[in-house]
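Novice: Turn this into a model:
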Amino acid sequence: GTTFDRVRHSFTQSTTGIVANGAGATLDLTTTSMSKFSLAVIRTAGVATYTVDLEGSLDGSNWFSLGTVTGAGASAIGHVVDKPVSRIRYNVTTVGAANTLTVQLLASAR
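Specialist: Below you'll find the model as predicted:
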């Protein structure tokens, strides 16, 4: 292979069974720069409002909000473009009473 063969075009992460506020595991993008992100929040139980931030970092220590998904009825998705970072994660700031969430992240170069 060539260098091109080893370059990733996307990174994904899916976390199920979220019932408490807090940040998820870091998705490390240091091998391939990404600047297009999607954050999907799927409510699998409950009816309360939830809020989940997509956070980005350049160093893995300092995190900044890139976008927010808030749902009042059902599942929701948000997209962020042109904000290159080397790491992303979700941060549930409001899980909502009796809610259970699944959070999916996509980082894409395309």
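Novice: Give me the longest strand you can find in this structure.
Specialist: As assigned by DSSP state E, the longest strand anywhere in the chain is strand 34-45.
Novice: Now do that strand, average pLDDT.
Specialist: For strand 34-45, mean pLDDT is 93.
Novice: what's the next secondary structure element after it?
Specialist: Later in the chain than strand 34-45, the nearest helix or strand by DSSP states H and E is strand 50-57.
Novice: counting contacts, what elements does that next one pack onto?
Specialist: Applying 3 or more C-beta pairs under 8 Å, 6 or more residues apart in numbering; DSSP states H and E, one finds that strand 50-57 contacts strand 34-45, strand 64-71, strand 76-85, strand 87-94, strand 100-108. All C-beta atoms are positioned from the backbone trio N, CA, C, and that covers glycine.
Novice: quick check, distance from that strand to the centre of its chain.
Specialist: Computed by C-alpha atoms, centre = their mean, to the nearest Å, the chain-centroid distance of strand 50-57 equals 6 Å.
Novice: Just give the closest residue to Leu11, not the sequence neighbours.
Specialist: I think there's a mix-up here, since residue 11 is Phe and not Leu. Ala107 (4.5 Å; C-beta to C-beta, 6 or more residues apart in numbering).
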